[in-house]
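[1] Let's see this in three dimensions:
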Amino acid sequence: IMDNDKKRSDTYAAIDLGSNSFHLLVARREHGEMRTLDRIKEMVRLGGGLDSKGNLDPAVQDRAFACLARFGQRLRGIPQENLRAVGTQTLRRMKNANAFLMIAETALGCSIDIIAGREEARLIYLGVTQGVAGLEGRNLVIDIGGGSTELVIGEGMKPLEMESLQYGCVSLTRRFFGAGRISRKSWNKAVNSAMADLQELRLRYLGAGWDVAIGSSGTIKAVGEICRRMGWVEKDISADALYMLRDSLLRFDTIDSVKLPGLTERRHPVLVGGLAMLQACFEVLEIESMKVSPYALREGVLHDLLGRTEQRDPRDKTVAAFTQRYDVDAAQVERVKRIALQAFDKIADSMFLQPDHRKLLGWAAELHESGLSVSHSLYHRHSGYLVENSDLTGFTRQEQLFLATLARYHRRSIPKDYTDLLPTRMHEPLRMTLMCLRFACILCRSRDDSSLPRFRLSGGDNRITAGFDESWTEAHPLTLFDLRQETKDLAAIGIKFRVNTSPGS
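    Here you go, the predicted structure:
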């Protein structure tokens, strides 16, 4: 039994909910290496079911839920902390993403993180660098997904430039070949439109330079396989082979009639859009040859997950850089963080809070005063805005909104709709961590360690009671006044907060 438990604790899984396909990767950590146990891929075509207003077709939604239920069966028995699922461009665009996520997360059996385009680019780069051996110098990585294309320049494991463009193989195919017809005119429109998007990064990327170009994901793998089967290349994709493939494709009048060696049935409907995007990348960035990586986003998610469990969390560096950029008072935020985490630890068990919520509270404490760099007046609003709208490497969109909400409402009144942008599973942790942060900010208002009290904190069933020695409250009437005012502010979000005083020992 112990051996089985050990195997389960060393087993990890990454789930990538792409715009074209869903991927599941299961691996076990053995002798410091990750050994793949299982790969499952299903062509859900989520992006193809999304209309221009962000509404998802019910049939596509049902297909997605059925796929996730199958994935969920494979994930049973793997510890929750060893699982990570990410959603990309289609989930970023989906109108009612939180409603979709409620059912999707139940089917899958774990939470699903929606990641921003640049974070997707970072994770793709992490994954690709795991799968191409012998790389030295600088690399350009291009990943053509269903709904977006990520481009990264990096050295070794470190990304230097990251961009995400709003075109992928599904979206380009739908926009320019939606009727299923192929023509030179529609092809040129597709390529020119993609090239126009790429122009913004052209000079910056060419200026940075790279030694090797690497492509990942389904489109580029399919193009590589077709070119090899046609005898145009032995291994890497050349610019010449790409143009020969374009000419071969344009001999067909419709997508349905396309027949090319190595083109699978699953890739067939979206090859034309993916190839147009790839040609645009080759032309704008003057690429002559491209290696094909077997790895992509899901491997990056797995590598990142492993780093988090081994205390190599990129989010720590991100927060440290952010606080430095906005010149926060390091002593004060450390003071607030210490008290907020003490408060969290006292109520965590009774309020069913998790270690991940503790981490988010700690980071929010470090970030909550960043708005002072803009203006002291209403600085909490500036803090919330900066946190919500900055590129925070390693954080998901939900985590970033969670932090922004804590920063925005760590003082003053709290509106009833403060949780609306977050999935339901995060509402209760947000409410309780917000209470902890606000409590800490009140106690630390004098910005002086010597005035900080010992305190008791207990809670359950929406009731939180804070206890202090009477001698301390008598010496700190302003803090006591603020704490009693807090009972009104917290009542607005359903927390019955009370302050008790007792004689000092």
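
[2] pLDDT weak spots in the protein?
    Scanning the chain for pLDDT under 70 picks out 1-7, 131-135, 504-505.

[3] May I ask you to name the longest helix in it?
    helix 184-208 (DSSP state H).

[4] I'd like to know which elements that one is packed against.
    strand 149-155, strand 158-165, helix 169-176, helix 271-284 (3 or more C-beta pairs under 8 Å, 6 or more residues apart in numbering; DSSP states H and E). To be clear about C-beta, it is placed using only N, CA and C from the backbone, and glycine gets the same treatment.

[5] tilt between the longest one and helix 169-176?
    Inter-element angle recorded for helix 271-284 and helix 169-176: 100 degrees (by axes from the mean of the first three to the mean of the last three C-alpha atoms, to 10 degrees).

[6] Show me what whichever helix or strand comes after helix 271-284 is packed up against.
    Downstream of helix 271-284, the first helix or strand assigned by DSSP states H and E is strand 289-292. Applying 3+ C-beta pairs under 8 Å, 6+ apart, one finds that strand 289-292 contacts strand 212-216, helix 218-229, strand 237-238.

[7] related to what we said a few turns ago, could you redo the helices and strands packed on helix 184-208 as JSON lines and give each row mean neighbour count and distance to T433?
    Formatted as JSON lines, these follow (neighbours: other C-beta atoms under 10 Å; distance: least, C-beta to C-beta, whole Å):
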{"stretch": "strand 149-155", "mean neighbour count": "24", "distance to T433": "32"}
{"stretch": "strand 158-165", "mean neighbour count": "18", "distance to T433": "29"}
{"stretch": "helix 169-176", "mean neighbour count": "24", "distance to T433": "37"}
{"stretch": "helix 271-284", "mean neighbour count": "24", "distance to T433": "41"}
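
[8] So which residue is smack in the middle of the protein?
    By C-alpha atoms, centre = their mean, the chain has its centre lying nearest to I115, at 2.5 Å.

[9] quick one, what contacts that residue?
    Neighbouring residues of I115 by C-beta atoms under 8 Å, 6 or more residues apart in numbering: V86, G87, T88, L123, T396, R397.

[10] Can you pick out the most distant pair from those?
    L123 and R397 (13.5 Å; C-beta to C-beta).

[11] higher neighbour count, the two?
    Neighbour totals were compared for L123 and R397, and L123 leads with 30 against 20 (other C-beta atoms under 10 Å).

[12] And that one, how far from L46?
    L123 is 18 Å from L46, where distance means C-beta to C-beta, to the nearest Å.

[13] Let me know the secondary structure of the residue nearest to A407 when sequence neighbours are not counted.
    Closest residue in space to A407, ignoring its immediate chain neighbours: S383 at 4.1 Å, by C-beta to C-beta, 6 or more residues apart in numbering. Secondary structure, DSSP: H, G, I helix; E, B strand; the rest coil: S383 is helix.

[14] Burial check on S383, number of neighbours?
    Count around S383 with other C-beta under 10 Å applied: 29.

[15] can you count the residues close to F352?
    F352: 11 neighbours (other C-beta under 10 Å).

[16] what does K259 give?
    K259: 9 neighbours (other C-beta under 10 Å).

[17] what does V336 give?
    26.

[18] Please apply the same query to A85.
    Neighbour tally, A85, other C-beta under 10 Å: 25.

[19] what's near enough to touch it?
    A14, I15, D16, L17, L108, C110, S111, I112, D113.

[20] Can you tell me the element it falls in?
    strand 83-87.

[21] Which element is encountered next along the chain beyond that strand?
    Following strand 83-87 toward the C-terminus (DSSP H and E): helix 89-93.

[22] Can you dump the C-alpha atoms of that next one in PDB for me?
    Taking C-alpha atoms only, helix 89-93 is exported to PDB below (Å, rounded to 0.1, in the frame of the first residue of the first chain):
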ATOM      1  CA  GLN A  89      -7.500  32.000 -25.800                       C
ATOM      2  CA  THR A  90     -11.100  30.700 -26.200                       C
ATOM      3  CA  LEU A  91     -11.700  30.700 -22.400                       C
ATOM      4  CA  ARG A  92     -10.200  34.200 -22.300                       C
ATOM      5  CA  ARG A  93     -12.800  35.300 -24.900                       C
END
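
[23] Quick one: residues in contact with that helix.
    17-19, 46-47, 50, 54, 97, 100-101, 112, 114, 116-117, 120, 145-148, 166, 168, 171, 397.

[24] Go ahead and name everything in contact with the next helix or strand after it.
    Later in the chain than helix 89-93, the nearest helix or strand by DSSP H and E is helix 97-108. Here helix 97-108 makes contact (C-beta under 8 Å, 6+ apart) with 15, 17, 56, 61, 64-65, 68-69, 71-72, 75, 85, 87, 91, 94, 111-112, 114, 422-425.

[25] So which of the contacts of A85 sit within helices?
    L108.

[26] List just the nearest of the contacts of A85 to D236.
    Taking those together and measuring to D236 by C-beta to C-beta, the closest member is D16, at 24.7 Å.

[27] what about that closest one, how many residues close to it?
    For D16, using other C-beta under 10 Å, the count is 28.

[28] List the residues that contact it.
    Here D16 is in contact with F22, H23, L25, A85, V86, T88, A296, L297, R298, V301 (C-beta under 8 Å, 6+ apart).

[29] Could you pick out the buried ones from these?
    F22, H23, L25, A85, V86, T88, A296, L297, R298, V301 (16 or more other C-beta atoms under 10 Å).

[30] Just the closest of those residues to M162, please.
    Out of these, the member with the shortest distance to M162 (by C-beta to C-beta) is L297, at 13.3 Å.

[31] What's the local residue count around the residue lying closest to G109 once chain neighbours are set aside?
    Once flanking residues are discounted, G109 sits nearest to G72: 4.3 Å by C-beta to C-beta, 6+ apart. A count of nearby residues for G72, using other C-beta under 10 Å, gives 18.
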